[in-house]
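Participant: Next come a sequence and a model predicted from it.
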2 protein chains.
Amino acid sequence: MSTTPGGTSGPDTGERSAVGQAPPGFDFGAYLEAARLRVEAALDGALGPERPESLRQAMRYSLLAGGKRLRPILCLAACELAGGDGDRALPTAVALEMIHTMSLIHDDLPAMDDDDLRRGRPTNHKVYGEANAILAGDALLTRAFEMVALRSPDIPAERLLRVVGELSLASGAPGLVGGQVVDLECEGKDVDLDTLEYIHLHKTGALLRACVITGAMIAGAPDDLLTALRTYARGIGLAFQIIDDILDVTASSEVLGKTAGKDLTADKTTYPKLLGLEASRQRAEDLVAEAKAALAPFAAEGRAAPLLALADYITSRDR
Amino acid sequence: MSTTPGGTSGPDTGERSAVGQAPPGFDFGAYLEAARLRVEAALDGALGPERPESLRQAMRYSLLAGGKRLRPILCLAACELAGGDGDRALPTAVALEMIHTMSLIHDDLPAMDDDDLRRGRPTNHKVYGEANAILAGDALLTRAFEMVALRSPDIPAERLLRVVGELSLASGAPGLVGGQVVDLECEGKDVDLDTLEYIHLHKTGALLRACVITGAMIAGAPDDLLTALRTYARGIGLAFQIIDDILDVTASSEVLGKTAGKDLTADKTTYPKLLGLEASRQRAEDLVAEAKAALAPFAAEGRAAPLLALADYITSRDR
């Protein structure tokens, strides 16, 4: 499967401190680390004493496996951009990471991508067996909805219900699942640009969109901000995938942390293959610029600084 | 896996028209058939033109595979008992059947119960492959939440959010998934009565409870009715399992529609094994009586007639 934002191949915090149009005083590295710690603490508290204990272990193993936590951080940042208190979006941020984790556990199964390693550790089914891995994924998916419906105090029901709706669309047939099915069907086939973008926009893009939309919904954001955030999420999601494809062609394995050229070897359709290297680079730049421009009307008093910096961060890579 | 309510081994409509305390004028057979047709129509309309088409087919194959639709009918009947219009509970009723279907698809997988047949047809993974079966299940689970959050018009958000909460608890680690994990862990082991009841109360009981609770929630039922419905659901759910166990010991294969004595052969713990045949029968009767008694305070003007009749119907079997 493709590398996704927040995977192991991105840069470490601060390695390239690109802050876009963020104000000079904004310390993105510190913001990112503080947000990550808030998310980790919330994730740690989101799983109770499940019965049986083995189910809890299988859920925790993948949910608390580290990573940059970019999805939940996008959610908090969007909530704050919309004038909300990020802490009130924490249960939803946790829900988003649970859905992401579920998709990784199920994608790694022998019947799907058959991966033995994830973030340098054995995948869930290698440790707990296939049955428990499938069920741990199912349990994380349902817990995500529980986080929003039953563990999000003091937020109007109308807003939470909209969040539930957005999460269901992002994780089901119209989002994640649809993208994964098309991706599996296209294995070993030549696909056109429309199909390639369909896969990315659904397999990774839908959940990224849900991250910023739900965060803003928690804060009661107006429709024009939600529209801008959709453009933002589309831009950074596609740009990330394009850059990932470019790196696979150009970077050395050492820098990338995975076998370079793997996509070419697997005869996988990539942006460079369809558009050429230079046009792919240009397209990624355009998308990031579009993403950031969409937020410009909402950037007063530096409130968009985290999302602007995140746009550069997510799409920046050593090359 | 155990036979669950609504599976192929129950009696046909009207075969035993036990109506409990229902008023003499109540035609249960007609009620059941009319409700089933409403549910079938709603199920048929709940899946849109998914992309890819193969995903839609895999979802439809199992969702529209027939069956008695007892779970959605319980939901409609509970909504009506609480004074609501059953049609307003239809999206939630559909959601419940989607969750039930998802659990069957995932339970049948090679990594779990490895079943090739379900209701006389090849199981989902035999037709569409394991990857698509896992993903079709995931898509049905998320669509269930979409049905409640985005496809339930004109119901207060507070009520729908409570429904989402109830569904998430019933289908996740505190419900279905937890029960299935314990069941898998107990395979081939002697278990005590507490564990046996834990499995039944979670693997099948939690969703039955959600059926009546969410139907009543849609109608804005007061807490005392919700409490009564929990007792009702617990009673019919456990009684069904006990009777299923009894039949497995006593009935001929022909009547039962499956290989009689299969549980004994598989050295599976059953109620007759733990309690003896006579005490098991008594316990089932007591549970059905408890279930019906719980509804007595709400039975004025025959409004409880469908649920009372359903209690007898679900737990009645040829023997």
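Facilitator: All right, it came through fine.

Participant: drop to CA atoms for contacts and neighbour counts, all remaining ones
Facilitator: Will do.

Participant: Where does pLDDT dip in the stretch 51-200 of chain A?
Facilitator: Of all residues in the stretch 51-200 of chain A, none has pLDDT under 70.

Participant: How about the residues of chain A by chain B?
Facilitator: Contact residues, chain A versus chain B (CA under 8 Å from any CA of the partner chain): A:50-52, A:55, A:106, A:111-112, A:130-132, A:134-135, A:138-143, A:145-146, A:149-150, A:157-158, A:160-162, A:164-165, A:168-169, A:171-174, A:177-178, A:181-182.

Participant: Among those, which ones are in strands?
Facilitator: In this view, the residues of chain A next to chain B have no member that belongs to strands under DSSP state E.

Participant: could you flag which of the residues you listed are buried?
Facilitator: Buried members of these, counted by 16 or more other CA atoms under 10 Å in any protein chain shown: A:51-52, A:55, A:106, A:111-112, A:130-132, A:134-135, A:138-143, A:145-146, A:149-150, A:157-158, A:160-162, A:164-165, A:168-169, A:171-174, A:177-178, A:181-182.

Participant: out of those, which are inside helices?
Facilitator: Judged by DSSP state H, helices contain the following of these: A:55, A:106, A:130-132, A:134-135, A:138-143, A:145-146, A:149-150, A:157-158, A:160-162, A:164-165, A:168-169, A:171, A:177-178, A:181-182.

Participant: count of neighbours near A:Val127?
Facilitator: A:Val127: 14 surrounding residues under other CA atoms under 10 Å in any protein chain shown.

Participant: ignore the last one, A:Gln282
Facilitator: Around A:Gln282 there are 12 residues (other CA under 10 Å).

Participant: In contact with whichever residue of the stretch 1-150 of chain A sits closest to chain B, which residues are there?
Facilitator: Closest approach between the stretch 1-150 of chain A and chain B, counting by CA to the nearest CA: A:Ala139, at 4.6 Å. Listed by CA atoms under 8 Å, 6 or more residues apart in numbering or on different chains, the contact set of A:Ala139 reads A:59, B:171-173, B:177.

Participant: Repeat that for A:Pro122.
Facilitator: A:Pro122 is in contact with A:Asp116, counting by CA under 8 Å, 6+ apart.

Participant: Next one: it from A:Gly178, what distance?
Facilitator: Counting by CA to CA, to the nearest Å, the gap between A:Pro122 and A:Gly178 amounts to 26 Å.

Participant: And A:Gly66, by the same measure?
Facilitator: Per CA to CA, A:Gly66 is found 26 Å from A:Gly178.

Participant: Please list all residues in contact with the closest residue to A:Met112 other than its chain neighbours.
Facilitator: In space, and not counting its chain neighbours, A:Met112 is closest to B:Ala131: 5.4 Å by CA to CA, 6 or more residues apart in numbering or on different chains. Contacts for B:Ala131 (CA under 8 Å, 6+ apart) come out as A:111-112, B:125.

Participant: Turn those residues into CSV, including distance to B:Leu196.
Facilitator: What follows is these, written out as CSV (distance: CA to CA, whole Å):
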residue, distance to B:Leu196
A:Ala111, 31
A:Met112, 34
B:His125, 29
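
Participant: those strands in chain A, which residues are they?
Facilitator: A:117-118, A:121-122.

Participant: could those be laid out in CSV, adding distance to B:Glu285?
Facilitator: Below are the strands of chain A laid out as CSV (distance: least, CA to CA, whole Å):
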stretch, distance to B:Glu285
strand A:117-118, 52
strand A:121-122, 50
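
Participant: Of all the ones you listed, which one comes closest to A:Ala289?
Facilitator: Evaluated over those, closeness to A:Ala289 peaks at strand A:117-118, with 31.6 Å, by CA to CA.

Participant: Can you give the distance of that closest one from its chain's centre?
Facilitator: On the basis of CA atoms, centre = their mean, to the nearest Å, strand A:117-118 sits 17 Å off its chain's mean C-alpha point.

Participant: what about A:Met147, distance to A:Leu161?
Facilitator: Between A:Met147 and A:Leu161 the distance is 12 Å, computed by CA to CA.

Participant: What of A:Arg51?
Facilitator: Separation of A:Arg51 from A:Leu161 (CA to CA) stands at 28 Å.

Participant: before we move on, what about A:Ala42?
Facilitator: Distance check for A:Ala42 against A:Leu161: by CA to CA, it reads 21 Å.

Participant: for A:Ile243, same thing?
Facilitator: With CA to CA as the criterion, A:Ile243 and A:Leu161 are 35 Å apart.

Participant: Would you confirm that A:Pro306 contacts A:Ala30?
Facilitator: No: here A:Pro306 does not reach A:Ala30: they are 10.7 Å apart, not a contact under CA atoms under 8 Å.

Participant: So which of those two has more stuff around it?
Facilitator: When neighbours are counted by other CA under 10 Å, A:Pro306 and A:Ala30 differ, and A:Pro306 comes out ahead with 24 against 12.

Participant: And for stretch A:94-102, what's in contact with it?
Facilitator: By CA under 8 Å, 6+ apart, stretch A:94-102 touches A:39, A:42-43, A:46, A:62-63, A:69, A:71-72, A:136-138, A:140-141, A:143-145, A:147-148, A:167, A:171, A:207, A:211.

Participant: Much appreciated, bye for now.
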